[in-house]
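Asker: please work out how this folds:
(one chain, ligands or ions: 1)
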Amino acid sequence: MRDNVDSMKSRHAIEGRFRQRVAVVSGGAAGIGRAVVEELCREGAAVGFLDVSEAGTAVAEELGAAGHRVAFLRGDVRDRAFCAAAVEEVLGRFGRIDFLVNNAFSFTSKGLDVTHADWERVFQAGPEAFALLAQLVAPAMRAQGGGGIVNVSSISAFIAQPNRWTYNAAKGAVNTLTKCMALDLAPYGIRVNSVSPGWIWTQEVDKAAGGDRTRWEPVWGQYHMLERCGEPVEVAAAILFLLSEDASFITGADLAVDGGYRSLGSEGIGKTSSFAGSK
Ligand SMILES: NC(=O)c1ccc[n+]([C@@H]2O[C@H](COP(=O)([O-])OP(=O)(O)OC[C@H]3O[C@@H](n4cnc5c(N)ncnc54)[C@H](O)[C@@H]3O)[C@@H](O)[C@H]2O)c1
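Answerer: This next block holds a predicted model:
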């Protein structure tokens with residue numbers, strides 16, 4: 001399994017599934033968003049990615065040096081003027097927009113202690129920014145005869161977790177928003193879907209592990225049938241599938257990219273259960 005992931009990560013040649021295509025990705029400087037930017041580039045797309053972090057500069061330089069068409073737009077997706085200017089910039093530079101991947105989100109996780117400012121942050125960076133970017137790219141997609149949008153949700157949209165009112169409610173909203181967007185944009189040939197990852201080893205998870213993956217992956221891996229956490233490139237592969245022509249009859253759907261997390265019941269992977277059925 002890991003061998004497959006490693007070979008996915010080391011593919012560099014431009015393979016061309018998305019040649020002549022242009023994508024906008026939010027939160028493309030790190031983690032899942034960065035993997036999406038890299039995979040789209042590798043498949044021949046031009047990519048404009050938005051991120052509040054300066055780390056995006058190095059990502060864009062690296063991809064540009066490898067011959068990819070890429071633009072880094074630095075700013076916060078909660079800033080409506082920035083989003084509008086960023087979409088204009090991508091259109092100006094690359095001439096069209098075929099895909100949008102709404103990925104940047106706030107990890108603000110609060111429960112009984114939640115404040116108004118917390119709600120504002122998580123919903124503005126989440127569902128509101130997802131909707132705004134879709135509104136901004138839709139006219140270009142519509143004029144071109146179609147497009148694809150993928151919203152990054154989470155297993156957290158479907159379950160209760162401790163002290164997660166904000167994050168889980170915002171992810172739940174993303175899934176409902178995805179269905180509403182899919183309905184309203186279908187007449188224009190724009191398909192809208194979401195992906196719901198399980199635990200993916202990115203900087204946020206690494207921070208929670210105190211940088212000790214060897215210690216924590218065996219613990220958190222048990223939440224998944226595959227007994228490991230996922231890699232950003234595995235989520236990117238699912239997103240690219242949903243954007244591609246292979247998914248031409250898929251819209252309004254959510255694709256679990258969670259190693260079996262959501263299909264498990266309270267018994268987990270069964271290691272603590274002695275009942276194995278009748279013989
Ligand atoms: N890592 C996981 O286990 C996991 C699981 C389920 C869902 N997700 C979802 O996947 C997406 C990406 O998560 P990740 O783990 O790759 O995160 P990450 O922290 O590794 O990367 C997120 C990127 O988004 C940028 N960003 C955050 N807020 C922004 C804002 N307001 N404006 C612009 N850029 C902003 C950050 O600077 C960062 O570069 C999120 O929607 C997250 O909720 C992650």
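Asker: where along the stretch 151-279 of the chain do the strands fall?
Answerer: Taking DSSP state E, counting those that start in this stretch as the test, the strands found in the stretch 151-279 of the chain are 190-197, 254-257.
Asker: neighbouring contacts of the last one?
Answerer: Taking C-beta atoms under 8 Å, 6 or more residues apart in numbering as the criterion, the residues outside strand 254-257 that touch it are 153, 155, 175, 178, 193-198, 230, 234-235, 238, 241-242, 262-263. For glycine as for every other residue, the C-beta is placed from the backbone atoms N, C-alpha and C.
Asker: out of the strands of the stretch 151-279 of the chain, deepest packed?
Answerer: strand 190-197 (a mean of 25; mean count of other C-beta atoms under 10 Å).
Asker: give the closest residue to the residue of the chain found nearest the ligand in space, chain neighbours not counted.
Answerer: Per C-beta to the nearest ligand atom, residue 31 is where the chain lies closest to the ligand, at 2.2 Å. Spatially, and ignoring its direct neighbours in sequence, residue 31 is nearest to residue 202 (3.4 Å; C-beta to C-beta, 6 or more residues apart in numbering).
Asker: got a list of what the one you found touches?
Answerer: By C-beta under 8 Å, 6+ apart, the residues touching residue 202 are 30, 31, 32, 232.
Asker: could you check how far it is from residue 230?
Answerer: The gap separating residue 202 from residue 230 is 9 Å, by C-beta to C-beta, to the nearest Å.
Asker: neighbouring contacts of the helix ranked longest in the chain?
Answerer: Assignment by DSSP state H gives helix 165-185 as the longest helix of the chain. Helix 165-185 is contacted by residues 102, 105-112, 114, 118-119, 122-123, 126-127, 130-131, 134, 138, 141, 149, 151-154, 156-161, 191-194, 196, 251-252, 254 when judged by C-beta under 8 Å, 6+ apart.
Asker: how far does that helix sit from the chain's center?
Answerer: Centre-to-centre, helix 165-185 and its host chain are 13 Å apart (C-alpha atoms, centre = their mean, to the nearest Å).
Asker: put together TSV for the strands of the stretch 151-279 of the chain, with distance to the ligand and mean pLDDT on each row.
Answerer: Shown next, in TSV, are these (distance: least, C-beta to the nearest ligand atom, whole Å; pLDDT from 0 to 100):
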stretch	distance to the ligand	mean pLDDT
strand 190-197	4	99
strand 254-257	9	98
